[in-house]
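J.: give me a model of this one.
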Amino acid sequence: MAAPTDDDNSPRNDDFYSLLNAGKDASNDELKLAYRRACMIYHPDKHQDPDKKVAAEKLFSKVQKAYEVLCDPQSRAIYDIYGEKGLEAGWEVVERKQTPSEIRAEYERLRREREERLLQQRTNPRGTITVGINATDLFDQYEEYEDYEYGGSSSIEVNHMTITQSIEAPLTMSETATLSGNLHTQNGTGSGQISGSLRHVLSSNGWAEFEFGAGGGPMIGIKGFRNITRRSFGTCQAFLQVLPNGAVKPSLNTVLARQLDKHTIGYLTWKWGGPSSMNSMIIRDTKRSHFMMQFQLGIPISFLLCSFTKKFEDEGKARVAVKAGTFGATVEYGGEKKISKHSRIGATMSIGIPIGVTVKIKLNRGNQTYSFPIHLSDDINPVAIFYGTIAPITALILLKALVINPYLKKQKQREEEKKRDDNKDKVAQKKRDAEVEVQLMQEMYDRIQEAEMSRKGLVIVKAWYGKLVSQDRDEDSDLIIDVTIPLQCQVKNSKLILTEVSKSCLPGFYDPCGTEDKSLKVSYKFLDQLHECTVLDNEALRIPKQSHRVNES
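T.: Numbers count the residues shown, from 1 in each chain. Here you go, the predicted structure:
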């Protein structure tokens with residue numbers, strides 16, 4: 001018994017609930033009434049014309065299959081989980097004694113097995129490339145020697161570069177292996193390091209990790225995580241490293257954290273070995289802002305850091321930070337902007353003593369980060385600050401206007417055109433099927449309309465289905481279809497009820513505009529009074545309603 005896979009993302013051919021215009025919680029009695037109503041339209045004996053009779057036989061078999069599946073509790077449970085493909089994949093041979101809950105449990109087991117297989121086939125690569133640039137010659141020249149011939153222009157050089165890369169390889173649902181490495185070069189001197197780890201999830205409350213590495217001396221370590229209470233957790237990390245001179249360097253890092261409220265977490269960190277320190281930090285993260293305060297007492301490094309980030313609705317961010325400590329003070333400000341689905345670009349200006357002025361340009365593309373710290377001045381130079389602030393902003397504006405926005409616009413147009421081309425044949429076939437269904441409904445439509453008009457009941461004057469249905473839209477647009485007849489045939493006892501499913505699967509309907517938003521607009525008469533309403537594709541519809549009445553004055 002194989003579980004249907006989710007690899008095929010093609011839409012379901014027929015929605016059984018929509019074919020019967022029944023809700024997903026419909027009882028067997030409600031399904032029986034819906035089935036009888038569909039039989040009045042599609043039963044082959046209702047049609048004498050040979051062509052219509054053949055079309056009716058095809059549609060009646062669909063309705064009959066939908067009714068048989070939904071009336072059987074086991075088949076219905078399978079269909080609700082897998083759709084029609086579940087019925088075709090061997091699930092119908094499940095023991096009849098299995099209840100819907102047992103079938104769902106079996107589905108969850110098979111789903112977890114499949115997720116585990118996918119995990120084993122997947123790696124999660126991450127990388128960072130940092131290129132440090134020294135541009136101090138642009139701003140640190142002596143003014144009195146501006147006219148002196150140096151024999152060349154100001155020098156801009158790359159003074160360091162770092163490349164870091166890591167991959168994750170899930171071995172099972174509870175074990176993950178990680179391999180990472182980095183290379184660093186500065187002023188002609190290089191170094192590198194490689195490390196690996198194996199993490200094992202012990203339970204829903206904790207995990208343990210074994211680490212090892214080489215570069216600067218062999219290193220081994222262990223790390224653990226544990227939920228202490230519902231609102232607090234802790235981590236502990238211990239390392240032993242053998243230095244090139246043969247000495248053994250131990251280190252220990254312990255973190256305790258507690259959630260203070262819905263948006264705030266407090267951390268307390270103790271580091272021993274190497275630079276030892278005690279660190280406390282509070283982070284408050286909300287939908288619109290991010291605040292962090294950090295205080296560290298250590299040997300030899302102690303500092304106080306405050307930062308605030310404002311988040312904007314267009315997924316942009318603005319950040320300001322102040323840091324002061326035993327080795328000077330720094331002020332940072334900058335921003336970040338999402339430029340495409342998988343890319344973000346940002347710039348940060350750092351001004352401080354003794355670091356001077358540095359602007360950091362960063363580009364994130366998927367799991368890869370490209371960072372370019374550009375050192376502009378060794379001192380606090382107003383000119384360097386001005387150009388370091390204005391230049392990234394100007395460059396981003398020009399880049400978006402001249403390159404990014406035109407590219408994204410063309411890409412979106414190409415994707416929409418491709419979708420339309422891919423769906424063109426499918427839409428044409430659905431259109432032909434819907435036209436046949438409407439022809440079969442004609443006799444019933446005339447009968448229902450005449451009966452409703454005679455008692456001043458519910459009469460559908462006009463109904464449209466498609467993209468952005470509105471009074472000013474051309475009714476002959478390819479993105480809109482006339483569904484007056486199908487809707488009138490759903491009227492019973494002067495009432496029309498449509499459930500919360502896509503209306504594209506209703507008899508006589510089809511989807512004219514693919515993945516774009518769709519609506520249903522209905523103009524109808526009740527008690528000889530004109531009414532109008534518009535609902536979204538997956539929105540339920542119940543008419544008549546007094547609130548839909550049109551004021552003809």
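J.: can you show me the helices along the stretch 51-200 of the chain?
T.: With helices called from DSSP state H, counting those that start in this stretch, the stretch 51-200 of the chain shows them at 73-82, 84-88, 100-120.
J.: where does pLDDT dip in the stretch 401-550 of the chain?
T.: Within the stretch 401-550 of the chain, the stretches with pLDDT under 70 are 468-477.
J.: show me where it has its helices.
T.: Ranges of helices in the stretch 401-550 of the chain, per DSSP H, counting those that start in this stretch, are 405-454, 484-488.
J.: centre-most residue in this structure?
T.: Per Cα atoms, centre = their mean, the C-alpha nearest to the average position across the chain is that of Lys341, at 9.8 Å.
J.: quick one: which helix or strand includes that residue?
T.: Using DSSP states H and E, Lys341 sits within no helix or strand.
J.: quick one: pLDDT of it?
T.: Predicted confidence (pLDDT) for Lys341: 78.
J.: do Thr286 as well
T.: Predicted confidence (pLDDT) for Thr286: 93.
J.: do the same with Asn253
T.: 95.
J.: not counting its neighbours along the chain, what's nearest it?
T.: In this structure, Asn253 finds its nearest non-sequential neighbour in Gln237, 4.3 Å apart by Cβ to Cβ, 6 or more residues apart in numbering. C-beta coordinates here come from the backbone N, C-alpha and C atoms, glycine included.
J.: mind listing what the one you found touches?
T.: Contact partners of Gln237, counting by Cβ atoms under 8 Å, 6 or more residues apart in numbering, are 221-224, 252-254.
J.: please redo it, this time with the cut-off set to 7 Å
T.: By Cβ atoms under 7 Å, 6 or more residues apart in numbering, Gln237 lies in contact with 221, 223, 253.
J.: now swap in Thr269 and tell me
T.: Neighbour list for Thr269: 255, 279 [criterion: Cβ under 7 Å, 6+ apart].
J.: which of the helices or strands spans it?
T.: Per DSSP H and E: strand 264-272 holds Thr269.
J.: per-residue confidence averaged over that strand?
T.: 95.
J.: just the CA atoms of it, as CSV, please.
T.: Extracted in CSV, the C-alpha atoms of strand 264-272 (Å, rounded to 0.1, in the frame of the first residue of the first chain):
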residue,chain,number,x,y,z
THR,A,264,11.0,39.7,25.2
ILE,A,265,13.8,37.2,26.0
GLY,A,266,16.6,37.7,28.6
TYR,A,267,20.0,35.9,28.3
LEU,A,268,22.7,35.4,30.9
THR,A,269,26.1,34.1,29.5
TRP,A,270,29.2,33.1,31.3
LYS,A,271,32.5,32.4,29.3
TRP,A,272,35.6,30.9,30.8
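J.: who does that strand pair with, and is each partner parallel or antiparallel?
T.: Partners of strand 264-272 in the sheet, by DSSP bridges, are strand 248-259 (antiparallel), strand 276-285 (antiparallel).
J.: and Ser204, how many neighbours?
T.: 7 (other Cβ atoms under 10 Å).
J.: and Ser523, how far from Lys311?
T.: 44 Å (Cβ to Cβ, to the nearest Å).
J.: same thing with His47?
T.: 62 Å.
J.: thinking again about what came up before, could the strands paired with strand 264-272 go into a markdown table alongside distance to Leu376 and mean neighbour count?
T.: Shown next, in a markdown table, are those (distance: least, Cβ to Cβ, whole Å; neighbours: other Cβ atoms under 10 Å):
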| stretch | distance to Leu376 | mean neighbour count |
| --- | --- | --- |
| strand 248-259 | 35 | 15 |
| strand 276-285 | 30 | 16 |
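J.: of all those, which one is nearest Val357?
T.: strand 276-285 (27.2 Å; Cβ to Cβ).
J.: mean confidence for the following helix or strand past that closest one?
T.: Remark: after strand 276-285, the chain's next helix or strand is strand 289-299, criterion DSSP H and E. Averaging pLDDT along strand 289-299 gives 94.
J.: partners of strand 289-299, with directions?
T.: strand 276-285 (antiparallel), strand 303-311 (antiparallel).
J.: can I get the CA coordinates of that strand in CSV?
T.: Output of strand 289-299 as CSV, limited to C-alpha atoms (Å, rounded to 0.1, in the frame of the first residue of the first chain):
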residue,chain,number,x,y,z
SER,A,289,10.6,46.8,15.8
HIS,A,290,13.6,45.0,17.3
PHE,A,291,15.4,46.2,20.5
MET,A,292,18.6,44.8,22.1
MET,A,293,20.5,45.9,25.1
GLN,A,294,23.7,44.0,26.1
PHE,A,295,26.1,44.5,29.0
GLN,A,296,29.4,42.6,29.4
LEU,A,297,32.0,42.5,32.2
GLY,A,298,35.1,40.7,31.1
ILE,A,299,38.9,40.5,31.0
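J.: chain center to it: distance?
T.: Strand 289-299 sits 31 Å away from the centroid of its parent chain (Cα atoms, centre = their mean, to the nearest Å).
J.: go on, stretch 288-308?
T.: With Cα atoms, centre = their mean, you get 32 Å for stretch 288-308.
J.: quick one: end-to-end length of it, please.
T.: Taking Cα to Cα, to the nearest Å as the measure, stretch 288-308 stretches 11 Å from start to finish.
J.: ditto for stretch 209-228
T.: One end of stretch 209-228 sits 18 Å from the other (Cα to Cα).
J.: repeat that for stretch 254-274.
T.: 14 Å.
J.: what is the burial count for the residue nearest to Pro244 when sequence neighbours are not counted?
T.: Among residues not flanking Pro244 along the chain, Gly217 sits closest, at 5.8 Å (Cβ to Cβ, 6+ apart). Gly217 is flanked by 17 other residues according to other Cβ under 10 Å.
J.: low-confidence ranges in the stretch 51-200 of the chain?
T.: Using pLDDT under 70, the stretch 51-200 of the chain drops low at 85-104, 107, 111, 115-122, 141-154.
J.: what ranges does it have for its strands?
T.: Under the criterion DSSP state E, counting those that start in this stretch, strands of the stretch 51-200 of the chain are mapped to 126-134, 157-170, 175-186, 189-203.
J.: what lines up beside the following helix or strand past the last one in the sheet?
T.: Yep, that's strand 189-203 we're talking about. Using DSSP H and E, the helix or strand that directly follows strand 189-203 along the chain is strand 206-214. In the sheet, strand 206-214 lines up against strand 189-203 (antiparallel), strand 219-229 (antiparallel) (DSSP bridges).
J.: from Lys362, how far out is Val242?
T.: In terms of Cβ to Cβ, Val242 sits 35 Å off from Lys362.
J.: just want to know which of the two has more residues nearby.
T.: For Val242 versus Lys362, the count of surrounding residues by other Cβ under 10 Å is larger for Lys362: 18 against 15.
J.: that one reaches Gln368, doesn't it?
T.: No. Between Lys362 and Gln368 there is no contact, the gap being 11.3 Å when judged by Cβ atoms under 7 Å.
J.: right, I'll leave it there.
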